[in-house]
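Chemist: From the sequence below, what's the structure:
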Amino acid sequence: MYIYIYFFNTKKFKLKLQNFLFIFLLLYCYIISASQAYSAEVDPGITDTYIRIGAIMPLTGDNDYYGIHMKKGIDAALANQIVQGRKIEFEVMDDSSDPITTIQAANQLIDKGVFLMLGNIGALQTLELMPVLKANQIPSVGFYTLGDVNTNDTLNYRPQTTDEVATLVTVVTNTGIKPDQICIFAQNDVFGVAAINGFKNGLKGFPQTQTIIDKLDHILDMTMNGINPAPNNLGPIGFYPHETILIRDGYLSLKEWGRKSGKPCRFVILVAVPKVAADFIAYSRHKNETWHFGAISATAAGYALSKHLSNYSINDEIIVTQVVPDLDASLPIVRDARNSLENDFNHVNLEGYIAGRLFLAILKSMKEPITRDNFIKTAYQKPLELGGLKIEFNQENSSGYKLISLNILEKNTYKPFVINDSSIARKQ
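Modeler: Got it, this is the predicted structure:
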């Protein structure tokens, strides 16, 4: 049996049916294999003209300060950038700090196609999101208020919350505060769990603190990663429920600890959102407490904490950990961010700017093809230099930047922390 093949109605070829089927099969296999090879090299969010990345942030609601300023910093870093002939598309979705909305937004971005997630915000939101990202093999870069989550596909700029809390514990004891006079006020979720672990790490270097460490271990068992709504009155920790302003139980927990232990709090480390931290300080002052306070960088959130305190006419000194350089630093990356963000420049959008530049630095170090696997491998290959900042990732710790500095926040201004000049040291 023969078939006839016509080309442009001018030439006619006669082939046996079996020969035709053989040629057809060869062509079919070639097309399929080429298609598979192409799809293996191209991840979602990558085309010939653009690289699409996503983010989920609170752009509305009580925590919109974080999202608005983080987005501004990333936008400034990515503006007009071209990598391997491709523009960068940065698509941000608003979750108003609601974990359910976070997952819904993530699924929308995944359906649309994103190469990775950059600069997401939120502790509980991130905890809920990570399994979704892992299932879809989507890397995460430069997340803010992450808590302590370590995976090989997680590339953080900021040091972990545990490191910030441990630093505060170490530094404040140099002012004359004793380890058993330090307490924690924290959000009851993964954020608070990280605070407890940091407290434990800070206490390990001091003798006769094992009893407190045992209490902290018991609290960790009770928190169940933030599921238990009331793990108070168990030790030197006061909790408030996630996404609430219910501070009284946390305050009473610290008072109960002082009564039971005979060691009342003198220094309280705040691991909370700015508004709740300010409310807690104001409430303690209303109760005539003479506590001193420290705050991690995410709690101070640039000038957010001090602005809330100003509403209460409180101008107390707060010792604050910082994970970004000073805003007036002469480092090229700080200068570039300052010039781009102008009068709106603050610690949060500086971190966003650094996160954006970190993403670009890894991307520009890659060789073709641009894939998620190659992106992660490139990040771990060698240290990155970002305008005076050294970023280095390793398998043990997904935080690329290790330096934690200390400031005094007072009257809406920051100044370097000097032990002998602090109000705590002067009152010893």
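Chemist: what about the chain, any weak spots by pLDDT?
Modeler: Applying pLDDT under 70 to the chain flags residues 1-41, 146-151, 224-230, 397-398, 421-422, 425-428.
Chemist: Which residue is the nearest non-sequential neighbour of the most centrally placed residue in the chain?
Modeler: In the chain, the C-alpha nearest the mean C-alpha coordinate belongs to Y144, at 2.3 Å (Cα atoms, centre = their mean). Nearest non-adjacent residue to Y144, counting by Cβ to Cβ, 6 or more residues apart in numbering: I121, 4.7 Å away. For every residue, glycine as well, the C-beta is placed using N, CA and C.
Chemist: repeat for Q108
Modeler: Once flanking residues are discounted, Q108 sits nearest to M93: 6.8 Å by Cβ to Cβ, 6+ apart.
Chemist: who does the host helix or strand of that neighbour touch, helix- and strand-wise?
Modeler: In this assignment (DSSP states H and E), M93 forms part of strand 86-94. Strand 86-94 is packed against strand 50-57, helix 64-78, helix 99-112, with contacts defined by 3 or more Cβ pairs under 8 Å, 6 or more residues apart in numbering; DSSP states H and E.
Chemist: will you turn these into CSV that also has mean neighbour count?
Modeler: Converted to CSV, the helices and strands packed on strand 86-94 look like this (neighbours: other Cβ atoms under 10 Å):
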stretch, mean neighbour count
strand 50-57, 24
helix 64-78, 23
helix 99-112, 17
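Chemist: any chance you could map the strands in the stretch 201-350 of the chain?
Modeler: 237-241, 267-271, 292-295, 318-322 (DSSP state E, counting those that start in this stretch).
Chemist: tell me the contacts of R158?
Modeler: Going by Cβ atoms under 8 Å, 6 or more residues apart in numbering, R158 touches 142, 144, 146, 297, 323, 351, 399, 401.
Chemist: hang on, it in a helix?
Modeler: No: checked against DSSP: H, G, I helix; E, B strand; the rest coil, R158 lies outside a helix; its state is coil.
Chemist: how much space between R86 and Q322?
Modeler: According to Cβ to Cβ, to the nearest Å, R86 and Q322 sit 34 Å apart.
Chemist: Give me the more crowded residue out of those two.
Modeler: The residue with more neighbours, out of R86 and Q322, is Q322; 23 against 17, by other Cβ atoms under 10 Å.
Chemist: Pull the number of nearby residues for the residue lying closest to that one once chain neighbours are set aside.
Modeler: Once flanking residues are discounted, Q322 sits nearest to S405: 4.8 Å by Cβ to Cβ, 6+ apart. S405: 15 surrounding residues under other Cβ under 10 Å.
Chemist: Which residues are in contact with S405?
Modeler: Contact analysis of S405 by Cβ under 8 Å, 6+ apart lists 321-322, 325-326, 416.
Chemist: Repeat that for I408.
Modeler: 317-320, 414-417, 422.
Chemist: Widest-spaced pair of the contacts of R158?
Modeler: Farthest apart among these by Cβ to Cβ are G142 and S297. That separation is 14.0 Å.
Chemist: And these two? Which one has more around it.
Modeler: Neighbour totals were compared for G142 and S297, and G142 leads with 29 against 24 (other Cβ under 10 Å).
Chemist: in its sheet, what does the host helix or strand of L406 sit against?
Modeler: Secondary structure assignment for L406, by DSSP H and E: strand 405-410. According to DSSP bridges, strand 405-410 forms sheet pairs with strand 318-322 (antiparallel), strand 413-416 (antiparallel).
Chemist: wait, which of the helices and strands packed on strand 86-94 is closest to V268?
Modeler: Comparing the helices and strands packed on strand 86-94 by their distance to V268 (Cβ to Cβ), the top pick is helix 64-78, with 22.3 Å.
Chemist: And the helix or strand encompassing A195, what does it pack against?
Modeler: Secondary structure from DSSP H and E places A195 in helix 190-203. Identification of packing neighbours for helix 190-203 by 3+ Cβ pairs under 8 Å, 6+ apart yields helix 123-135, helix 161-173, strand 182-188, helix 210-223, strand 237-241, strand 267-271.
Chemist: Just the residues contacting that helix, thanks.
Modeler: Helix 190-203 has contacts (Cβ under 8 Å, 6+ apart) with 123-124, 126-127, 145, 147-149, 160-170, 179, 182, 184, 186, 209, 212-213, 216-217, 219-220, 223, 225-226, 236-237, 239, 242, 269, 271, 296.
Chemist: for it, the distance to its chain's centre please.
Modeler: 16 Å (Cα atoms, centre = their mean, to the nearest Å).
Chemist: same question, stretch 45-60
Modeler: Offset of stretch 45-60 from its chain centre (Cα atoms, centre = their mean): 17 Å.
Chemist: and F90, what is it in contact with?
Modeler: Contacts of F90 (Cβ under 8 Å, 6+ apart): 53-55, 74-75, 78, 118.
Chemist: if we go to 6 Å?
Modeler: For F90, the contacting residues are 53, 78, by Cβ atoms under 6 Å, 6 or more residues apart in numbering.
Chemist: re the thing from before, just put the helices and strands packed on helix 190-203 in TSV and tack on mean neighbour count and distance to V42.
Modeler: TSV is the format used below for the helices and strands packed on helix 190-203 (neighbours: other Cβ atoms under 10 Å; distance: least, Cβ to Cβ, whole Å):
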stretch	mean neighbour count	distance to V42
helix 123-135	19	19
helix 161-173	23	36
strand 182-188	28	40
helix 210-223	16	43
strand 237-241	26	44
strand 267-271	26	42
